[in-house]
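Asker: Have a look; sequence and predicted model below, questions after that.
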Amino acid sequence: MQLSLGPVLYNWAPERWRDFYFRIADEAPVDVVSVGEIVCSKRSPFFADHIPAVVERLQNAGKEVLLGSLILVSLRRERRQTEELASAEGALVEVNDLTCLRTLAGRAHAIGPFVNIYNEASAAFHAAHGARRICLPPELPLASIAAIAKAIPDVITEVFAFGRVPLAISARCYHARLHKLAKDNCRFVCEKDPDGLLLNTLGQQEFLTVNGVQTLSHSCANLLGEAGLLRESNVRSLRLSPQDCDMVEIARIFRDVLDGREDFDGGNRRLAAAYRGVPFSNGFLWAEPGHLYRQARSGDAQGSAA
């Protein structure tokens, strides 16, 4: 089973962003890496100069690179950015908004977890129009994942397996509003929260995480314990979403458990130590409320194929 690394969702300093991917290239046991600003187009200019070097470093390390498109395209300049991205050569575009499909015109591409593929028919449609790998939405239960993966055997089916779960995207910026700023003059205040801004309920219960125009879960999805079940369901890749923690260590933990060098209990303890203070969740996979966490059963992590 492959491991992939999704794009950085948060507003990290450009040098930190660049150095993060350089270290991923040199040290992380991942097969596929998605790069690019996909949350807020206003952030894109800060990273643009670093992307060629990052892509080259990753490819020289033997990793496949995906170029991520914006999740929400609403402005004319964002449409132009999408068109420019679709014309790029040397890497697959990962589609996160259907606007991007028109500019790709049937060329080979990947589909990110922000495109609503909820059944076999929609997956087959995208496969017929050039999708070579599809990362399914994180809210899908295991039964739906298995049915979709079976319907598209020639496409790499991927599942969101680690990270705060992306739940919604908006035209409004929550970070700007919190700091009493307009979206057009936000001063990029989201950079103050490199792992997102925790949102509590009026009763002070930890609830969601805000990332500029994006809403994520407070809990961190952790499907390490279900990796074997996913493999048996024809899932061929697990996606790790970058958080403000040691993602090289996170990738090593997943790889060790997938390859049988570490049992699930030991791997899960290592995950908790690497990303302290954030609760795990896997409820969506079991068709339960997403914030819940069901402890894995013996053998679920490796599965019969391990």
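Answerer: Arrived safely.
Asker: mean confidence for stretch 113-133?
Answerer: Here stretch 113-133 scores 97 as its mean pLDDT.
Asker: Could you tell me the end-to-end distance of it?
Answerer: With C-alpha to C-alpha, to the nearest Å as the measure, stretch 113-133 spans 11 Å from end to end.
Asker: That one: which residues count as buried?
Answerer: By neighbour count on 16 or more other C-beta atoms under 10 Å, the buried set for stretch 113-133 is P113, F114, V115, I117, S122, A123, A124, H126, A127, G130, A131, R133. Where you see a C-beta, it was placed from the backbone N, CA and C, and this is true even at glycine.
Asker: Tell me what the last one is bridged to.
Answerer: What it means is R133. R133 forms beta bridges with A110, I156, as assigned by DSSP bridges.
Asker: Can you report how many residues neighbour the nearest residue to S233 once chain neighbours are set aside?
Answerer: Excluding its sequence neighbours, the residue lying closest to S233 (C-beta to C-beta, 6 or more residues apart in numbering) is A146, at 3.8 Å. For A146, the neighbour count with other C-beta atoms under 10 Å is 18.
Asker: What's the per-residue pLDDT of A146 here?
Answerer: The model's pLDDT for A146 equals 98.
Asker: Next: the one 5 residues further on.
Answerer: For A151, the model assigns a pLDDT of 97.
Asker: That one contacts H126, doesn't it?
Answerer: No - between A151 and H126 there is no contact under C-beta atoms under 8 Å: 11.1 Å.
Asker: Return the residues in contact with the closest residue to R236 other than its chain neighbours.
Answerer: In space, and not counting its chain neighbours, R236 is closest to I156: 4.8 Å by C-beta to C-beta, 6+ apart. Contact analysis of I156 by C-beta atoms under 8 Å, 6 or more residues apart in numbering lists Q2, R132, R133, I134, R236, S237.
Asker: change it to 7 Å
Answerer: R132, R133, R236, S237 (C-beta atoms under 7 Å, 6 or more residues apart in numbering).
Asker: swap in Q59?
Answerer: V65.
Asker: What is the three-state secondary structure of it?
Answerer: helix (DSSP: H, G, I helix; E, B strand; the rest coil).
Asker: so what pLDDT did it get?
Answerer: 98.
Asker: Give me the distance between it and E139.
Answerer: According to C-beta to C-beta, to the nearest Å, Q59 and E139 sit 32 Å apart.
Asker: right, and P289 touches S281 too?
Answerer: No - with contacts counted by C-beta atoms under 7 Å, P289 stays clear of S281, the gap being 8.9 Å.
Asker: Between the two, which is the more surrounded one?
Answerer: S281 (23 against 9).
Asker: Got the phi and psi for the more buried one?
Answerer: Backbone geometry at S281, expressed as degrees, to the nearest 10, gives phi -150, psi 150.
Asker: pLDDT weak spots in the chain?
Answerer: Under the criterion pLDDT under 70, the flagged ranges of the chain are 297-306.
Asker: Going along the chain, name the strands of it.
Answerer: For the chain, applying DSSP state E gives strands covering 2-5, 32-35, 64-68, 92-95, 109-111, 131-135, 156-169, 197-200, 206-211, 214-222, 237-240, 280-281.
Asker: Mark which of the buried residues of stretch 113-133 are part of helices, please.
Answerer: Here DSSP state H is the test, and those give S122, A123, A124, H126, A127 as lying in helices.
Asker: Of those, which is the nearest to N96?
Answerer: H126 (12.8 Å; C-beta to C-beta).
Asker: contacting residues for the nearest residue to that closest one once chain neighbours are set aside?
Answerer: Among residues not flanking H126 along the chain, I111 sits closest, at 5.6 Å (C-beta to C-beta, 6+ apart). Residues near I111 by C-beta under 7 Å, 6+ apart: V95, I117, H126, A131, I134, C135.
Asker: And for the residue lying closest to D31 once chain neighbours are set aside, the neighbour number?
Answerer: Distances taken as C-beta to C-beta, 6+ apart put Q2 closest to D31, at 4.3 Å, once the chain neighbours are dropped. Neighbour count for Q2, taken as other C-beta under 10 Å: 16.
Asker: same deal with the one 3 residues further on?
Answerer: Look at L5: counted by other C-beta under 10 Å, it has 28 neighbours.
Asker: Surely it is in contact with V30?
Answerer: Yes - here L5 reaches V30: they are 4.8 Å apart, a contact under C-beta under 7 Å.
Asker: where do the contact lists of those two overlap?
Answerer: Residues touching both L5 and V30 (C-beta under 7 Å, 6+ apart): I24.
Asker: Setting aside sequence neighbours, what's the nearest residue to A91?
Answerer: Nearest one to A91, counting by C-beta to C-beta, 6+ apart, is V65 at 4.5 Å.
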